[in-house]
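A.B. asks: Give me the fold of what follows.
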Amino acid sequence: MPIPGRASPKQIPTACNLHPPGHVTIGSKAAKLHLARISASLACLALLTAGLASAAPEQGTLDYNPVLFTVMAAFDVAKATPQNMPADPLRAAVRQEILKRNPACLKDMRSWFFQHRKDDPAADLGQYVSWALAIDPPPRFTPRLIGMDVPPDAQALSGLAPLMATFWEQANMEDIYKQVQPAYERALAQFQPLIARTVLEANGYTRNPTSGYMGRRFQVFVELLAPSSQVHTRSIKDDYFVVVTPPAEAHMDDVRHAYLHYLIDPLATKFSERFIRVRGLIDYAQAAPALDDLYKDDFLLLGIESLIKSVEARMARQPSKAQEAIAEGFVLTPYFSEALPAYEKQEVALRMYLPEMLDAIDLRKEDKRLQGIQFAKTKVVRMAAPVAKPAEPQKTPQEIALENADKLYTGRDLDLAREAYLKIVRVFDDTPTKCRGYFGLARVAALKNEPESAEQLFRKTLELSPDAYTRSWSEVYLGRLAEGYGEKEKATQHYKTALAVEGAPPGARQAADQGVQKLTPR
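C.D. replies: All right, here's what the predicted structure looks like:
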């Protein structure tokens with residue numbers, strides 16, 4: 001059969017990774033006189049562009065994953081027996097193709113999966129999903145995480161990478177992966193409108209900018225070799241993953257729940273002191289038989305889940321869902337269910353309104369309310385009802401112009417991106433839009449090997465009172481420029497200024513901290 005090319009992933013949207021600029025060749029004798037200056041400029045540029053990938057706003061992509069595909073294929077061929085053949089035609093075809101190729105590692109692979117089996121089938125499969133999400137693409141299957149960053153259920157699988165690399169080569173899994181891509185593309189076409197609508201609805205209710213969170217990612221993978229009607233959600237460092245299997249309609253409520261965690265978790269962590277103020281309410285949760293122990297041990301987790309379940313009930317216009325959450329033991333659900341209607345009537349986004357909502361919790365009132373709660377003995381299992389769709393927010397001309405310019409930039413059409421950002425600076429009068437325009441021009445200058453222009457444009461950006469994200473990253477870039485020119489004291493000051501920016505994203509803070517550590521004498 002003809003092997004199709006790799007189709008473009010369906011965007012929710014996302015941003016491309018940024019690559020460093022190409023090399024500059026010094027040819028003439030006269031040019032060599034400027035070698036020191038040019039070398040310094042290139043050093044600045046290397047430092048500057050090293051952080052551009054971290055600076056790019058990332059939200060999420062609906063896609064399929066070669067690591068997940070390979071691991072699920074290995075899991076299936078190692079577990080299945082002639083009496084337990086997979087009923088799904090695609091799974092059966094992949095298994096038969098692998099057996100026909102008879103990879104020499106098959107015996108070792110079956111032994112591995114047997115030795116690491118778990119009694120619970122869901123946990124047995126889930127550990128391999130977690131492992132695959134923490135691994136770089138084939139052919140090497142290099143782990144991206146180490147130590148405590150590795151998902152807990154995948155830590156026992158640390159030796160799997162060499163076996164998967166051998167399996168990829170001996171079974172020629174790259175060829176099989178290319179052959180099944182049309183089936184995956186058809187699945188993406190079925191999932192894409194449902195997931196896009198789910199994300200839009202959550203963004204609409206929380207009034208979240210659709211550009212997503214800086215330096216963080218919400219990623220949905222469709223996997224056809226896993227059993228049907230499955231959903232696996234994982235939070236790994238700053239990234240949130242959801243792995244789903246057909247049919248597309250089966251678990252959109254789980255996708256929404258994971259996306260709400262992606263939106264709300266960093267807010268709750270930021271305002272954790274306001275949550276902790278009423279942590280005494282966790283005592284009531286101890287008496288809830290159906291509540292998982294992790295919520296009984298961590299009040300912040302309990303509070304976040306109470307808020308998310310209250311939001312889901314409001315979005316679905318089903319108060320009974322909130323009542324079920326209360327009965328299960330999520331003790332802040334009564335308060336949030338009562339407070340959210342007031343949030344809905346005003347115009348401020350949830351990320352700005354949440355502190356006020358948390359400060360308004362009356363501990364005595366909640367204590368009195370919870371005294372009469374009758375907790376359920378078991379969890380309530382029910383089918384999710386259709387979610388009410390909020391009105392789609394209208395984009396302003398500024399937002400449209402910036403979105404188009406950013407697309408050109410992430411697509412590496414730097415000349416058109418520069419023209420688009422220049423037009424933004426010239427046409428729009430409001431300072432925030434101009435600031436983002438200059439920030440875009442600075443990044444374009446960096447990628448076009450123009451460090452001096454980049455420095456001037458980043459300084460111009462800072463003159464316009466940018467938001468925390470833009471301010472902190474501009475300081476980081478200026479620090480890298482100064483560092484590249486050997487101005488260590490000035491670079492250190494820029495890094496420290498970035499660290500002092502309230503609300504700076506984790507990526508900028510990490511980059512600035514690394515810069516300070518590197519330049520501080522030991």
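A.B. asks: switch to C-alpha atoms for all contacts and neighbour counts from now on
C.D. replies: Will do.
A.B. asks: per-domain residue ranges of this structure.
C.D. replies: 8-56+396-522, 61-226, 271-370 (automatic domain parsing).
A.B. asks: And the second one, how far out from the chain middle?
C.D. replies: Centre-to-centre, domain 61-226 and its host chain are 17 Å apart (Cα atoms, centre = their mean, to the nearest Å).
A.B. asks: From the opening residue of it to its closing one, how far?
C.D. replies: This stretch, domain 61-226, spans 20 Å end to end (Cα to Cα, to the nearest Å).
A.B. asks: Would you mind pulling up the elements that the longest helix along the chain packs against?
C.D. replies: In the chain, assigned by DSSP state H, the helix with the most residues is helix 173-206. When contacts are defined as 3 or more Cα pairs under 8 Å, 6 or more residues apart in numbering; DSSP states H and E, helix 173-206 packs onto strand 10-11, strand 61-63, helix 66-79, strand 217-222, helix 252-270.
A.B. asks: low-scoring stretches of the stretch 151-300 of the chain, by residue?
C.D. replies: In the predicted model, the stretch 151-300 of the chain carries pLDDT under 70 at residues 210-215.
A.B. asks: Residue 129 contacts residue 69, correct?
C.D. replies: No: with contact defined as Cα atoms under 8 Å, residue 129 does not count as touching residue 69 (10.0 Å).
A.B. asks: what do those two both touch?
C.D. replies: Both residue 129 and residue 69 lack any common contact, where contact means Cα atoms under 8 Å, 6 or more residues apart in numbering.
A.B. asks: returning to that earlier point: now do the buried residues in the longest helix of the chain.
C.D. replies: For helix 173-206, a neighbour-count test (16 or more other Cα atoms under 10 Å) marks 173, 176-177, 179-182, 184-185, 187-188, 191-192, 195-206 as buried.
A.B. asks: do stretch 264-274 as well
C.D. replies: Buried residues in stretch 264-274, counted by 16+ other Cα under 10 Å: 264-265, 267-268, 272, 274.
A.B. asks: For residue 235, find the nearest of the domains of the chain.
C.D. replies: Within the domains of the chain, the stretch nearest residue 235 is domain 61-226; the backing value is 8.5 Å (Cα to Cα).
A.B. asks: Now for residue 321, how many residues are close by?
C.D. replies: 20 (other Cα atoms under 10 Å).
A.B. asks: Find the residue at the geometric middle of this structure.
C.D. replies: Note on the chain: the residue nearest the mean C-alpha position is residue 217, at 1.8 Å, using Cα atoms, centre = their mean.
A.B. asks: residues contacting residue 290?
C.D. replies: Contacts of residue 290 (Cα under 8 Å, 6+ apart): 328-329, 375-379.
A.B. asks: How is it assigned, secondary-structure-wise?
C.D. replies: When classified by DSSP: H, G, I helix; E, B strand; the rest coil, residue 290 comes out as coil.
A.B. asks: three-state assignment of the nearest residue to it once chain neighbours are set aside?
C.D. replies: In space, and not counting its chain neighbours, residue 290 is closest to residue 378: 4.7 Å by Cα to Cα, 6 or more residues apart in numbering. Applying three-state DSSP to residue 378 yields a three-state assignment of coil.
A.B. asks: pretty sure residue 378 contacts residue 324?
C.D. replies: No: taking contacts as Cα under 8 Å, residue 378 lies outside contact range of residue 324: 10.6 Å.
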